[in-house]
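K.L.:
Structure for this input, please:
(2 chains)
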Amino acid sequence: MRLAPRSGFTPFAQRTRFPVIAIVVTFAVASSANVLLSIWSTSKSRNQATVVEVAARQRTLVERYVQQVLLVRGGSEADPGVTASLLRASVRALLDGGTVPAVEGDDDETAIAGETDARIRAQLLEQERLIVDLAAAGRAYLAGEPLSNLRLTGHERLSSRSDVFRLRTIAALTSNVSLDAARAIAAQTDANVSGSIDLQLALGLVGMVISVLLATALVATTRRQTAHFRSLVTASTDLVVVLAAGRCAYTSSSVEKLTGRSHRELEGRRLFEFVHPEDREALLGAESHEARQVVFRMRTAAGEWRYLEGRVTDLTGDRHVRGVVVNARDVTERVTLEQELTRQAQRDSFGSKLGEALEMADDERGTYDVVSRAMAEISTASPMELLLSDSSRAHLEQAAVNPEAGAPGCPVESPFSCFAVRRGSAIVFESSEALNACPKLRNREGGPCSAVCVPISFMGRSLGVLHATGPEGVVPHPEQVVQLSTLATQAGSRIGTVRAFERTQLQAQTDALTGLINRRTLEEELRRMMRDEIPFALALVDLDRFKLVNDTHGHEAGDRSLRTFAHVVRTMLREDDHIARWGGEEFLIALPHSDIEGAVDVMNRIRASLANVLQGGHVVFTASFGVTDSTRAESLQDLIRLADRGLYAAKAGGRDRVVVGGPIEDPTDVLYSER
Amino acid sequence: MVSVRERDFKISVSTTHVDAGEVVFRDRNLGPDAHELIVVRSDRAGLRLRADGMTVDEDGLEKLIVGALEPGSAGETRELRVLLVPGTYTLLCNMYGHYMGGMHSTLVVA
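P.N.:
Residues are numbered from 1 along each chain as shown, chains lettered A, B, ... in the order given. Model (predicted):
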């Protein structure tokens, strides 16, 4: 099934615009209609009021006319004719509209609209006829003519009582009809006004109803939009925080998932309270820029730091928000991965740099120098040392020290008393005072400490230990431990390689007959050991009566004897011990890290082994040994002279024995060179 | 049923004689002005007028007035139901000047 984008979902559409416009238009139309209606009805009622006034005025004028007629008849001064024409003009104006003449001393001239209502018009027409009759009656009365001869137009029938009475009857009728018309006009005006009021009411009501309906639609639309946005914000895993004066004014619901803190806990509090102190400045800086991205740490309720990548937008000027908006998402995993990769790269670069440096070191001393410098690279604060076992594998000796922080000074003497070496893997001690801490960490000069011990090995054989210390209770950074391990592995590998190489080089310069190294090579090695202050023992060996063997059994047998001796010695020596063919039937044996007593012991065992090997053979021979050690003299020449003196003494003493060479000052001294 | 037509300023009655008993007057105002209808027993000739000389003195005639319709507008038709004993009756409109202007008519009940 293909998911087509839903066209109905348009939360950003301006759908609220229609109801708003409709409400405004409805209100405008209803209000202006009402206003127009009011203006119209007001002007109409003003006009009507004038009409009513004019209509009502007719009664007064009728009465005034009769009075004036009677006054004139009585000999007084009056002008009923003017009043009669006023009556006629007024009723004419009431009927057809036009100007109503002014009444002296009373009303001004006004203009009115004509009457349209048929019934009222009939009344006004009757009134007009009566006015004509009244005027005629008045004129006749003043002229002394009998009123009974009058041709009446207004349907009235007059009694025969008297002319005055006839006049008054017409006047009464005119007055009454005028009153009736005025009343009808007033009633009609009332009806008009109340009709207009009804219309205004109806208009207002309709406008209100429409507005309420539209407002309801508007509210519903707004509510729907708000719901859309709310669900968008709620569904989002992004964190939205609105800050007003630095305090959280709004937080989206994802804040709970992200930080384990509820809205209520955050709102009203400063966001900075939860931001890592190191990141606050960056966050502040981001605020001053337009929508800048920043990564900051925020503490969760559980106390751990989460990395958030945020965008800070200052919407203080936006009246819909009035605050600083922080949009952020959790990038902890990404940042952690990046950091891991960076560390990895650093480690790799450390490892590769170390590898290259070690490769350039062509002997053990050079290797130790590289190790020292690598230590300083790992830490300038942690004391470190490289302890290596000697050729006897019985002693651990300091081969390299951190040049920046010095040596921790582990008192361990033999590889087998080092726990890390025995264990064969790196070990970290948080505190020297802990029950399960290595005892050799206790009572150090610097007081309690933490420590890392990494055993060093080559081809499965232990070479020693790399040791570092730090402040007590502070676990070394895992990165440091990893770097120490790298150093231990690479240094071990290099030291092993260099040692093997050196041995190979020694072996390359060998005597063709015996397979032993030659005299010059051993001399070089001995000088190196003296320079490095490596103690050693020396034994100068000479096969007894070798000339006799040669003479009796031939050179073949002589050569075989030399090879046999070399083989016997080789099997009796340790790997780091040396034996060289010194010349003819003479051999020099060097035992590093050994002394006279050890050498005498080894030589006697060689002597015994030789006897054992030769037992029952054709050719039987013995050897004499002169022994000394590096403590007896300052120069190699003197040492060999001492050994030679021992050998001389052994020969002199009857051969097949081991004799320690006496002091050089001895008067019986016989120089080897002189032989 | 007696048909009465009023107009400015005349009252016409469909008959001049009716039998005694209940009589219904159907009064139609043909206008153009408003008119009332008063039925008054008038065996004696002439009705006494008020001081204005223009209207019949209704208070003085109170006992003789057998029925009346208040002023009605032009176009209206109304009925007046009265019980008439034998005698002479006058039908009149007593609005100001109407009686004197001719709005009266005589009916004989036998």
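
K.L.:
Please name the nearest non-neighbouring residue to residue 23.
P.N.:
If you meant another chain, say so; for now it's chain A. A:Leu214 (4.7 Å; C-beta to C-beta, 6 or more residues apart in numbering or on different chains). Every residue, glycine included, has its C-beta placed from N, CA and C.

K.L.:
you looked at the wrong chain, it should be chain B
P.N.:
B:Leu84 (5.0 Å).

K.L.:
give me the beta-bridge partners of the one you found?
P.N.:
According to DSSP bridges, the partner residues bridging B:Leu84 are B:Gly21.

K.L.:
Now do it against A:Arg520, distance only.
P.N.:
When distances are taken as C-beta to C-beta, to the nearest Å, B:Leu84 and A:Arg520 turn out to be 181 Å apart.

K.L.:
try A:His477
P.N.:
Separation of A:His477 from A:Arg520 (C-beta to C-beta): 50 Å.

K.L.:
So between the two, which is more surrounded?
P.N.:
Just comparing A:His477 and A:Arg520: by other C-beta atoms under 10 Å in any protein chain shown the higher neighbour count belongs to A:His477, 13 against 10.

K.L.:
any idea how far the more buried one is from A:Ala649?
P.N.:
The gap separating A:His477 from A:Ala649 is 63 Å, by C-beta to C-beta.

K.L.:
before we move on, the earlier item: neighbours of the residue nearest to B:Val23, just the number please.
P.N.:
The number of residues packed around B:Leu84, counting by other C-beta under 10 Å, is 20.

K.L.:
Would you mind measuring from it to B:Ala20?
P.N.:
In this view, B:Leu84 and B:Ala20 are 6 Å apart by C-beta to C-beta.

K.L.:
same check, this time on A:Leu435
P.N.:
145 Å.

K.L.:
Looking at those two, which one has more neighbours?
P.N.:
A direct count of neighbours by other C-beta under 10 Å for A:Leu435 and B:Ala20 places B:Ala20 higher, at 12 against 5.

K.L.:
wait, isn't the more buried one in contact with B:Val109?
P.N.:
Yes - taking contacts as C-beta atoms under 8 Å, B:Ala20 lies within contact range of B:Val109: 5.1 Å.

K.L.:
list residues touching both of the two?
P.N.:
Shared contacts of B:Ala20 and B:Val109, defined by C-beta atoms under 8 Å, 6 or more residues apart in numbering or on different chains, are found at B:84-86.

K.L.:
near chain B, which residues of chain A?
P.N.:
Within chain A, the positions lying close to chain B (C-beta under 8 Å from any C-beta of the partner chain) are A:119, A:122-123, A:125-126, A:154-159, A:165, A:168-173, A:175-177, A:179-181, A:184.

K.L.:
Out of the residues you listed, which sit inside helices?
P.N.:
With helices defined by DSSP state H, the entries of these inside them are A:119, A:122-123, A:125-126, A:165, A:168-173, A:175-177, A:179-181, A:184.

K.L.:
So which residue of chain B lies furthest out from the middle?
P.N.:
For chain B, the largest distance from the centre (C-alpha atoms, centre = their mean) belongs to B:Ala51, which lies 20.6 Å off.

K.L.:
Quick check: that one is in a helix.
P.N.:
No - per DSSP: H, G, I helix; E, B strand; the rest coil, B:Ala51 lies outside any helix segment and is coil.

K.L.:
So the residue in chain B that chain A sits nearest to, which state does it fall into?
P.N.:
With distances taken as C-beta to the nearest C-beta, chain B approaches chain A most closely at B:Gly97, which sits 2.8 Å away. Under the three-state scheme (three-state DSSP), B:Gly97 adopts coil.

K.L.:
So it versus A:Leu173, what's the distance?
P.N.:
Using C-beta to C-beta, which is the criterion applied here, B:Gly97 is 4 Å from A:Leu173.

K.L.:
What is the burial count for the spatially closest residue to A:Glu479 that is not a sequence neighbour?
P.N.:
Distances taken as C-beta to C-beta, 6+ apart place A:Arg343 nearest to A:Glu479, at 5.9 Å, with adjacent residues excluded. Here the count is done by other C-beta under 10 Å, and A:Arg343 has 14 residues near it.

K.L.:
where does A:Arg343 land on pLDDT?
P.N.:
Reading off the confidence values, A:Arg343 has pLDDT 82.

K.L.:
Tell me the spacing between A:Leu642 and A:Ala56.
P.N.:
Here the distance between A:Leu642 and A:Ala56 works out to 166 Å (C-beta to C-beta).

K.L.:
more neighbours, the two?
P.N.:
When A:Leu642 and A:Ala56 are compared for neighbours, A:Leu642 comes out ahead with 26 against 16, by other C-beta under 10 Å.

K.L.:
Return the distance of stretch A:350-361 from the chain's centre.
P.N.:
Average the C-alpha atoms of stretch A:350-361, do the same for its chain, and the two points are 38 Å apart (C-alpha atoms, centre = their mean, to the nearest Å).
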